[in-house]
Structures are given as structure tokens and as C-alpha cells.
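Novice: how does the following fold in three dimensions:
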Amino acid sequence: MDPLSVTASVIAIVTAAGQVSNGLAKLAALRGAPEIIMALHNEVSDLRLVVHSCQSILDRHVTLGGWQNNVRGLPHELIGVKGLLDRATAVLDGILQVISTKLVDSKGAFSKIGYLREQSRLVKAKDGLRDVRMEIANGIGLMNSASSFHLQARIEQLELSIRQSIQYLAIDNQNSQAQILSSQSQLYQKLATFKL
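Specialist: Reported below is the predicted structural model:
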């Protein structure tokens, strides 16, 4: 999977979350807005935090993977998170549509009739956002765990490689010392015969 497709999903959800958050904030400021509006606003804010964490992990992967155009494959956990990001974006788009077309009347005031018609849809959207946010957070946790295991394995490989190199150098050093001692002994023998 291309990291750009995940980045595109992150950008899409950040954009949609910003629009929904702005719309919900305006609705919450209107007189008579129900509590579900604030609950939805809180869910969107929480989702934005989780998405920023996901973006941070993606950026770290791209940075550690090398150049942007030469990035190794993304962790499979991030691929699953991409589907969740797309799902959350669809939920946010649905909320935005309800906000802009059903919850505000032609005068810009909160529409109680529109709210009553859409109340169950808003509750379902809030629950859906909460569920997908938790799944994204779980996916991020899995990515972090997988990264930790990969890092631990690489450290162990490095330790083994260093031990083997030290052993090789020690053997090589012993052989070199033996050669030096042998050369010295031969030189002393030649000197001893030369002095006579």
C-alpha cells in the first residue's frame, strides 16, 4: 500500500472533522441546541486527536523508511487503520450533510423539527464515531506494539552481531599476537647467532 493513500485518508478525515466541528460549534451556540450536539462535538474532537496520532505514526514511518518516493511497505496494521479512517470520513460527511440541510432552518436558527427527524441518525452517528475512534486507537496500539517487537528483534540481532564480531576480533588478535611472538622468537634466534 502506498503511504500517499493513507495520507490522503488522513487529510480527508481531518478536513471533514474540521467542517463538522465548526458546524457543531455553531449549532451548540444556538439557543435550544440539544445535548447530542455537544456530545457529537466531543466525539469529533476526540477523533481528531486520534487521527493526529495516526498521522504522526505515518510521518515517522515515512521518515524512517527513507525518501518519500522510496518508502518501504506500510505496516499491515496501518492498512487496516486506513479503512477505519475512510469509514470515519463517511460518518463525518453524513453528519455534515445533516447539519447543513436538516438542523438549521432558512433563518439560520436551530430547527427543532429537523432535529426531531434526525435525532436517531445523530445518536447513531455519535456511537459510530466513538466505535471507529476506538478501533483506530486500537490499530495505533497494535502498530506501536508491532514496532516495539520489530525494534527488540533488531536490537537482539545487533547484539548477536556485535558479540560475534568481538569473538572474531579476539581470535584474530590472538593469532596476530602468536605471529608477533613467533617473529620475535625467530629474530632473537638470529640475533643470538649473529652475536657469536
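
Novice: and the residue nearest the centre of this structure?
Specialist: Geometric centre of the chain, nearest residue: I57, 2.7 Å, by C-alpha atoms, centre = their mean.

Novice: now that one: which helix or strand?
Specialist: helix 35-65 (DSSP states H and E).

Novice: tell me the buried residues in that helix?
Specialist: For helix 35-65, a neighbour-count test (16 or more other C-beta atoms under 10 Å) marks 36-37, 39-41, 43-44, 47-48, 50-51, 53-55, 57-58, 61-62 as buried. Yep, even glycine has a C-beta here, placed from its N, CA and C like the rest.

Novice: do the same with stretch 97-113
Specialist: Buried residues in stretch 97-113, defined by neighbour count with 16+ other C-beta under 10 Å: V98, I99, K102, L103, V104, F110, S111.

Novice: what separates the strand or helix carrying H150 from the chain centre, distance-wise?
Specialist: Assigned by DSSP H and E, H150 falls within helix 112-195. Its chain's average C-alpha position is 19 Å from that of helix 112-195, according to C-alpha atoms, centre = their mean, to the nearest Å.

Novice: against which helices or strands is it packed?
Specialist: helix 35-65, helix 76-101 (3 or more C-beta pairs under 8 Å, 6 or more residues apart in numbering; DSSP states H and E).

Novice: the shortest one to helix 35-65, inter-axis angle?
Specialist: Same thing as helix 76-101. Put simply, helix 76-101 runs at 150 degrees to helix 35-65, going by axes from the mean of the first three to the mean of the last three C-alpha atoms, to 10 degrees.

Novice: okay, the angle between helix 76-101 and helix 112-195?
Specialist: Here helix 76-101 runs at an angle of 160 degrees relative to helix 112-195 (the same axes, to 10 degrees).

Novice: if we can go back for a sec, what mean pLDDT does the helix holding I57 have?
Specialist: In this model, helix 35-65 carries a mean pLDDT of 82.

Novice: cool, thanks, talk later.
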